[in-house]
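**Student:** whatever this is, show me its structure:
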Amino acid sequence: LRSRSVVPALTHPTTDVTQERAMGLGGVSLVVGGLVGGFLLRRKKIKAKKPSTPSGSANTEGVATSPGSASSVGSVGAGAGAGANHGAQASSSQSSAPAPAPASAPAATGGSALLAQMKARRAAQSSSAKKSSSNLKAKPVFVLYASQTGTCREIAKNLAAEASTKGFQAKALDMREVNFDNLSVATHPVLVLVTSSTGDGDPPDNAAKLYTKVRKKRPASEKPFAGIKYTSLGLGDSNYTRFMHVPRQFNKKFADLGAESFYKSVEADEVDGIEPIIEAWTEDLWGALTFVVTGEKPAGAGDAAAAAAAALPAVAAPWPAQLPCVKWLSGTEHDTCLSTEAKAPARDAIQYRDPKGMYSPDEPFFVTAPITCRYLTAGGVKGVNGRKVMHVELDVAGSGIRYNPGDAVGVSPENDPSLVDSVLSRLGLNADATFMCEGIPHVPCPCSVRHVFSHCVDISGALKKSLVRSLAPFCKKAEERSRMAHLASKDGAKDFEKHVANHDGLLQILTAFPSCAPPLACLLDALPPLAPRLYSLTSAMCDDGERLSAALSVVEYAAKDGTSRRGVASTWLERVASASSSSSSPSGAIGVHLRKSAGFRPPVDVVGSSVIMVGPGTGVAPYRGFLKERKFALTSASADATRGDWMLFFGCRHPEEDYLYREEFEKHAADGTLTKLVTAFSRVDGQPKSYVQHRLKELGKDVNAALARGASIFVCGDGAGMAKDVRAAFADIMVTHGEMTGGEAEMALQKMVSDGRYVTEVWCDEAHDD
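**Tutor:** Numbering: from 1, shown residues only. You can find the predicted model right below:
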């Protein structure tokens, strides 16, 4: 995903949005989701009924006041729902063709005739739309997503929302919600897969179980997915060696298991930009989906009336009916829930040991020993010039974890307590209120309000259209509701990019729209899960044993509106480390798991092979483990053993500010572990800016000689542009020093990628460092 830039505070767009439209009985049509949507609301205010249960007693939320709120948040949902019901009734009443005029009625002429014709045409279209809506619900449509950073989740939710507004019975599903044994034509007749890879061709955490199941070897005659119709949208980054590995595996295995494709599957490459591909694919999806659900071909271009009717959104289901059911707890249930959370993680969870040392986000290994850290940048805890990088060590003794250089550690973070307090205050929610809400994989049941906002949902990530779309119906003021709906609409795409995109967090949008009062059920459904953060290991078992170490940028910056922003995981780890250093007792259990690397690891023969490592900034982190491994192997190698060339290209701003692991790398260069240590500095007074790609070209002759001897290339770091520039530098070196044409150089590099000799590990600051 692209790096996120710091932009001005979220403000209201000035675009004029028509608040009421002449549709039937005068409902307000909200165009939502970046995709056409329909919540039909009454013009006049609708008062919610008072709850029949006393405050503090068990109750279901979404239509009434709950004990979890300091104010009546549920009543807004009730108003939106009632409005939607009213709009539904209005649309339904219009779907009947008007009675013919009496024979004695005078023939309409002029403007009257034109209005009569328009009225008849609208009635016919409405009738056609009603019939089409009924047929479109013949089979449920499920949009399954495999998502690590949230992009596939966002796309899936928007697809399901648009499908619903078009009349389909559609639902977006986290792959954790899907049981392989229950996946059949009877339960999931039509599927749209939205999938991606994480790392270098690994399945996202939420898809790991289903991915393992579908890839299990079974007889070719076994077709458990027979009759299922599916299509697939894959997201990937061609900087990676195993580009599109997971999407292609899902696509192939679903077909092998008997599912049949009903529409072309596509792949969207982040390097080229995913939006145009997704938009073109989505545009033709609806016709194919209509045919597979109803068995009827969509209206042709020649049938204008039918085509217009098909284009109209079908009647939307009342919004609260689409929300999960929240039941507030009281008495013993309430007390037990709070008591259990106060002792979390449970003793059994802390004592859990996987016999193979293979832990997961759902079943992590809990580090209870104090963690240690030190700052790798100048300035210590204050940092320097807005940058602060921290080296963290986690003791996993007794876990059984066995790792290799190139692997990554996953850490399950917590949201900033002060931010949680601010969000709950704005929402008017009681932090200690407890509830039951089943069917959301990342929310435990039962749970307290504070726990769910601290540990379960992401409240500080970049704002997405699906969240804005979900919040819009709960604005009390019509003007704010209309403006928010516009931001989430297809017509409001430019305004969304200008005023909302690249802004962080739920609190910002709620502050910008003061009348927005979503119920807890809406937020549980709309907010993405708080995902584990992955950090490349800098350690090697041959030297560090059962201690995992990582280097991470501590993300803190001041937005242009003057507010302070902090990364979730990095600032949390810094707080935990600070507490550990000031106390001899553990500061709390930290859930960790190992993410094995498929291809980003040193060659088997670390002594005789040649390696070129490129790693600006924290991209140099995994090479620390690579070099530890090589140094250990060199100590036991025979004197006459062939020694390959190991070259490290490292870039940073200033040698006295952010030269990470400087002392260690210079020692490796001095003792021969490194053949060449090449640095590039971009912020040294009186010197031109220098980046790793520039230094590669300067040493092009040596680089080309190493490539001629079969050297492998590793590129690690921020992928916002560095990876492209580095690859272009290697191509230029092959042309200049290898006597190749541009086309031959590109073919040679692509062959290296295919052979596993050109391996990348790239990220954006948001996805990797925080």
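**Student:** show the contacting residues for residue 396.
**Tutor:** Residue 396 makes contact with 365, 367, 546-548, 592, according to CB atoms under 8 Å, 6 or more residues apart in numbering. For the C-beta atoms, the positions are set from N, CA and C on the backbone; glycine is no exception.
**Student:** any idea which residue sits dead centre in this protein?
**Tutor:** By CA atoms, centre = their mean, the chain has its centre lying nearest to residue 150, at 1.0 Å.
**Student:** next up, the contacts around that residue.
**Tutor:** Contacts of residue 150 (CB under 8 Å, 6+ apart): 458, 461, 464, 528, 531.
**Student:** what number of residues lie near the third one?
**Tutor:** When you say that, I think you mean residue 464. When neighbours are counted by other CB atoms under 10 Å, residue 464 registers 24.
**Student:** go on, the last one?
**Tutor:** Residue 531: 24 surrounding residues under other CB under 10 Å.
**Student:** next, give phi and psi for it.
**Tutor:** Residue 531 adopts backbone torsions of phi -80, psi 150, taken as degrees, to the nearest 10.
**Student:** I'd guessed it sits against residue 149; true?
**Tutor:** Yes. Using CB atoms under 8 Å, residue 531 is in contact with residue 149, at 7.1 Å.
**Student:** overlap in contacts, those two.
**Tutor:** By CB under 8 Å, 6+ apart, no residue touches both residue 531 and residue 149.
**Student:** possible to save the contacts of residue 396 as CSV with neighbour count and pLDDT?
**Tutor:** Output for these, formatted as CSV (neighbours: other CB atoms under 10 Å; pLDDT from 0 to 100):
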residue, neighbour count, pLDDT
365, 27, 96
367, 23, 94
546, 16, 92
547, 15, 95
548, 27, 96
592, 22, 96
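**Student:** so which of the residues you listed is the closest to residue 476?
**Tutor:** Of all the contacts of residue 396, residue 476 sits closest to residue 592, with 43.5 Å by CB to CB.
**Student:** which of the three states applies to that closest one?
**Tutor:** At residue 592 the chain is in strand, as set by DSSP: H, G, I helix; E, B strand; the rest coil.
**Student:** can you tell me which residues contact it?
**Tutor:** When contacts are counted by CB under 8 Å, 6+ apart, residue 592 touches 359, 364-367, 394, 396, 409-412, 548.
**Student:** next: residue 597.
**Tutor:** Residues near residue 597 by CB under 8 Å, 6+ apart: 199-200, 404, 406-408, 761.
**Student:** can you put the contacts of residue 150 in CSV and add secondary structure, pLDDT and distance to residue 436?
**Tutor:** Converted to CSV, the contacts of residue 150 look like this (DSSP: H, G, I helix; E, B strand; the rest coil; pLDDT from 0 to 100; distance: CB to CB, whole Å):
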residue, secondary structure, pLDDT, distance to residue 436
458, coil, 94, 22
461, coil, 85, 26
464, coil, 88, 27
528, coil, 91, 21
531, coil, 90, 24
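**Student:** just curious, which of the contacts of residue 592 is nearest to residue 254?
**Tutor:** The closest of these, once distances to residue 254 are taken by CB to CB, is residue 410, at 27.2 Å.
**Student:** what about the chain, any weak spots by pLDDT?
**Tutor:** Scanning the chain with the threshold set as pLDDT under 70 gives 1-134, 298-322, 502, 558-563, 581-587, 719-720, 764-770.
**Student:** count of residues packed around residue 294?
**Tutor:** As a burial measure, residue 294 scores 18 neighbours (other CB under 10 Å).
**Student:** can you tell me the closest non-neighbouring residue to it?
**Tutor:** Closest residue in space to residue 294, ignoring its immediate chain neighbours: residue 135 at 4.2 Å, by CB to CB, 6 or more residues apart in numbering.
**Student:** cool, residue 543 as well?
**Tutor:** residue 628 (4.6 Å).
**Student:** how much space separates the one you found from residue 371?
**Tutor:** Look at residue 628 and residue 371: by CB to CB, to the nearest Å, they are 20 Å apart.
**Student:** one more: residue 512?
**Tutor:** From residue 512 to residue 371 the distance is 37 Å (CB to CB).
**Student:** the stretch 351-500 of the chain: strands as residue ranges?
**Tutor:** Under the criterion DSSP state E, counting those that start in this stretch, the stretch 351-500 of the chain contains strands at 365-367, 372-375, 389-395, 408-411, 434-436, 447-448.
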